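*Asks:* can't give you the sequence, but here's the structure:
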């Protein structure tokens with residue numbers, strides 16, 4: 001039987017790997033502020049792990065040159081980055097020198113990767129230490145019990161969405177879907193007549209839902225959270241073939257500040273992964289006869305055929321009638337449709 005410490009080690013190992021993979025995906029999909037979000041998520045974890053008191057300089061001056069954090073006692077600087085190259089590290093040191101940033105001659109580089117361990121080097125009289133998420137995990141796991149469990153508590157607080165299993169579960173990211181035949185869902189939407197053989201309908205619907213959820217659960221947690229809000233706040237369509245749509249400006253007002261800053265990157269991921277797009281609506285010709293104005297709507301559309309439906313719309317309409325709005329939001333955010341009957 002696993003001890004509490006071993007169990008926690010397994011949990012935080014998965015959380016670090018899952019979190020890092022999603023940050024890397026967001027960066028590749030032009031989610032440009034993923035490193036910025038990591039600064040806030042990881043600073044307290046790093047402080048516990050390395051017995052430091054790093055302060056986030058970007059909280060004082062946005063886009064602080066050269067380094068993101070500084071340890072006031074020792075003057076150590078630290079930069080958080082999704083990617084790590086020798087040229088990028090040198091440019092950071094050059095920025096510190098050029099802007100006369102007050103640091104010691106030591107700069108750490110926290111790189112959000114789990115495919116290797118860090119290394120050290122020197123440049124322009126500065127020592128450079130690369131720390132990867134593997135190094136951070138190893139450092140946490142080397143702490144004495146009191147600090148280890150303090151760090152685990154902080155990791156769960158900051159990276160909660162990436163703890164996807166119960167303590168005795170094999171921690172594999174997945175969706176939850178009730179088993180076929182989903183008769184209640186099929187009856188609700190009158191899907192029995194969509195295929196020549198009614199006997200084929202339950203298995204066909206189940207496979208459609210599985211395909212949708214396999215894609216949904218592989219989206220980064222922050223993207224699913226925004227999708228869940230689009231589902232929640234968009235007007236309910238009058239049919240299951242229509243997409244879910246909401247005015248982009250209106251939807252922006254439903255987001256917190258961090259989500260607003262990252263919305264464009266999230267929408268880019270949604271479009272690239274085939275879950276929706278931004279569409280132009282209500283075109284109008286201005287009085288000058290040349291300028292055309294229009295509204296932008298965010299549209300969610302996962303269209304399937306035989307039976308024909310947009311799964312986003314079909315699930316929203318069903319959930320709003322059978323369950324609560326909170327259950328609707330949670331189902332999409334966590335890719336958990338175990339309540340579906």
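*Replies:* Great, that's in hand. In this text the structure is predicted, and so the values were computed from the model without any measurement.

*Asks:* list phi and psi for residue 204.
*Replies:* Backbone torsions for residue 204, taken as degrees, to the nearest 10, come to phi -70, psi -40.

*Asks:* what's around it, how many residues?
*Replies:* 19 (other CB atoms under 10 Å). (C-beta placed from N, C-alpha, C; glycine too.)

*Asks:* ok, now the one 5 residues further on?
*Replies:* Under the neighbour criterion other CB under 10 Å, residue 209 is assigned a count of 22.

*Asks:* same question for the one 5 residues further on.
*Replies:* A count of neighbours around residue 214, defined by other CB under 10 Å, yields 13.

*Asks:* quick one: contacts for the closest residue in space to residue 64 that isn't next to it in sequence?
*Replies:* Nearest residue to residue 64 in three dimensions, chain neighbours excluded: residue 57, at 4.0 Å (CB to CB, 6 or more residues apart in numbering). Shown in contact with residue 57 (CB atoms under 8 Å, 6 or more residues apart in numbering): 64, 67, 68, 69, 70.

*Asks:* beta-bridge partners for the residue nearest to the second one when sequence neighbours are not counted, please?
*Replies:* It refers to residue 67. Nearest non-adjacent residue to residue 67, counting by CB to CB, 6+ apart: residue 77, 3.6 Å away. Taking DSSP bridges, one finds residue 70, residue 107 as the beta-bridge partners of residue 77.

*Asks:* would you confirm that residue 77 contacts residue 93?
*Replies:* No: in this structure, residue 77 is not within contact of residue 93 by CB atoms under 8 Å, at 9.2 Å.

*Asks:* now do the shared contacts for those two.
*Replies:* Counting by CB under 8 Å, 6+ apart, the residues touching both residue 77 and residue 93 are 66, 107.

*Asks:* that older thread, just give the number of residues close to the residue nearest to residue 67.
*Replies:* 27.

*Asks:* next one: it, what pLDDT does it get?
*Replies:* Looking at residue 77, its pLDDT reads 95.

*Asks:* re earlier: with pLDDT and distance to residue 298 added, can I get the contacts of residue 57 in CSV?
*Replies:* Output for the contacts of residue 57, formatted as CSV (pLDDT from 0 to 100; distance: CB to CB, whole Å):
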residue, pLDDT, distance to residue 298
64, 90, 33
67, 95, 36
68, 93, 31
69, 95, 35
70, 95, 39
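
*Asks:* quick one, longest helix in this structure?
*Replies:* Secondary structure assigned by DSSP state H gives helix 4-28 as the longest helix of the chain.
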